[in-house]
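Enquirer: need coordinates for the following:
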Amino acid sequence: MKILVIGGGGREHVLVWKIAQSPLVETLYCAPGNPGIAALAECVHIQADEIDALLDFALAEKIDLTVVGPEVPLTLGIVDRFQAAGLEIFGPSQAAAQLEGSKGFSKDLMAKYGIPTAAYRTFTDRDQAHAYIRAQGAPIVVKADGLAAGKGVIVAMTVEQALAAVDDILLDKVFGAAGSQVVIEEFMTGEEASFFVFTDGKNILPLASAQDHKRIFDNDEGPNTGGMGAYSPAPVVTETVTAEVIETIVKPTIAGMTAEGCPYRGILYVGLMIEDGKPKVVEYNARFGDPEAQPLLMRMKSDIVPVLQACARGDLAGVSLEWHEKAAVCVVMASGGYPGNFEKGLEISGLEAAEAVEDLMVFHAGTAFQDGKIVNQGGRVLGVTGLGRTVAEAIAKAYEGAALIRWRDVHYRKDIGQKALNR
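Expert: From the prediction side, this is the model:
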């Protein structure tokens, strides 16, 4: 088989790493890829949002299966375009990708089909949004409706913070077109977790549990990011919670999407808030989470390629997954200043030393080649992912690897996985 993976981040590096292990794969491409991916696949210099060029490449190379990593090409309709050209592709259609692409759409779907989530209102008018916030009080959550690279959610602890967030989004357009409307939600308490299922639009195949760490600083302080680390399994997702998520959230979501005329195929990510064993939806994503994909796919024992094909073909019934008993922890190493401004082009040292550590993988997210050296190119630069018999062992392994890698102003959290240990 010839397989094309679209994207160039940490999620795509681990997808390429996992797909490359399949005996079904003859040739593996990644567009645009990154320096870490280049060791495993042929990198093609086409960006993830260049749909026409990607389609031309896939047709010319007779690609058997395309796997879409990031959300932007999904919301641009890449799946519809490839399917119309007779190509097999893993991911939801443009209509189905609205589940991530529009928070208003997803909240309306949850309300219509009785899926547990925070109470909310949607606004395009700044004054109406302000009046609602003043009436509700704080803490309260303000979200840009569209895609904002994981940064469009403001958890406001005061009314003033919430009002300022509305002005930033609706008036100052800090998130661009993603801020054409705002969703204002009640503040939920509890512990967050990430729940993933493969689906073909009818059948569902749950993955192992995982937990992400959204905030930039230790103890969940500072602004939200695309994710500063993750681990699997997540003890907060008990067997009882898993059963409840599937029955009250996943099944109604998949059935609801079909009823709305946009059946959902691919990987569905459900961001959960769990309080007293009761799960509610924080958000949906239409693709693998990054960094949750790194620990999850390192723990997956099964060949992933037949699962991806089954989802794409609408034929997931009877497919199962096997998992390694070991735990996995990913620590994200970020550029100093992220999620704000940061310096690019800084040489990274210690990669070879870290890659030599047993039971450790260094997944590239925001790196580039420059003058023969690997440098930082993005905010989240590397996902250092360790395996261990326990979460504690996996934490130690990940931090052993992170300690070997350096560049100027590198930043990473020191408490990834502590919530698991506290349980």
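Enquirer: wait, Trp407 sits on Glu343?
Expert: No: with contact defined as CB atoms under 8 Å, Trp407 does not reach Glu343; the gap is 9.6 Å. Using the backbone N, CA and C atoms, a C-beta is placed for each residue, glycine as well.
Enquirer: could you find the closest non-adjacent residue to Ser209?
Expert: Ranked by CB to CB, 6 or more residues apart in numbering and with sequence neighbours excluded, the top spatial neighbour of Ser209 is Val237, at 3.7 Å.
Enquirer: now do Gly101
Expert: Thr75 (4.0 Å).
Enquirer: need the contact list for that neighbour.
Expert: Gln94, Ala97, Gln98, Glu100, Gly101, Leu147, Ala286 (CB atoms under 8 Å, 6 or more residues apart in numbering).
Enquirer: can you tell me the SS state at the first one?
Expert: Assigned with DSSP: H, G, I helix; E, B strand; the rest coil, Gln94 falls in the coil class.
Enquirer: count of neighbours near it?
Expert: 17 (other CB atoms under 10 Å).
Enquirer: what about it, distance to Phe217?
Expert: 36 Å (CB to CB, to the nearest Å).
Enquirer: ok, now the second one?
Expert: In this view, Ala97 and Phe217 are 31 Å apart by CB to CB.
Enquirer: when those two are compared, which one has more neighbours?
Expert: Ala97 (31 against 15).
Enquirer: so who does the residue lying closest to the more buried one once chain neighbours are set aside touch?
Expert: Nearest non-adjacent residue to Ala97, counting by CB to CB, 6+ apart: Leu74, 4.0 Å away. For Leu74, the contact set (CB under 8 Å, 6+ apart) comprises Val68, Gly91, Pro92, Gln94, Ala97, Glu100, Gly101, Ala286, Arg287.
Enquirer: with distance to Phe363 added, can I get those residues in TSV?
Expert: Below are those laid out as TSV (distance: CB to CB, whole Å):
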residue	distance to Phe363
Val68	18
Gly91	20
Pro92	24
Gln94	28
Ala97	24
Glu100	22
Gly101	25
Ala286	21
Arg287	16
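Enquirer: point out the least confident one among the residues you listed.
Expert: pLDDT is lowest at Gly101 among those; the value there is 89.
Enquirer: any idea how many residues pack against that residue?
Expert: Residue neighbour count, defined by other CB under 10 Å, stands at 23 for Gly101.
Enquirer: if we can go back for a sec, any chance of the backbone angles for the residue nearest to Gly101?
Expert: Here is the backbone geometry of Thr75 (degrees, to the nearest 10): phi -70, psi -20.
Enquirer: from Phe175, how far out is it?
Expert: Counting by CB to CB, the gap from Thr75 to Phe175 is 14 Å.
Enquirer: what comes up buried for the one helix or strand Thr240 maps to?
Expert: Following DSSP states H and E, the helix or strand that holds Thr240 is helix 239-245. By neighbour count on 16 or more other CB atoms under 10 Å, the buried set for helix 239-245 is Val241, Thr242, Glu244, Val245.
Enquirer: ditto for stretch 357-375
Expert: So, applying 16+ other CB under 10 Å, buried residues of stretch 357-375: 357, 359-368, 374-375.
Enquirer: pLDDT of that stretch, averaged?
Expert: Per-residue scores along stretch 357-375 average to 97.
Enquirer: ok, now stretch 204-219?
Expert: Stretch 204-219 shows a mean pLDDT of 95 in the predicted model.
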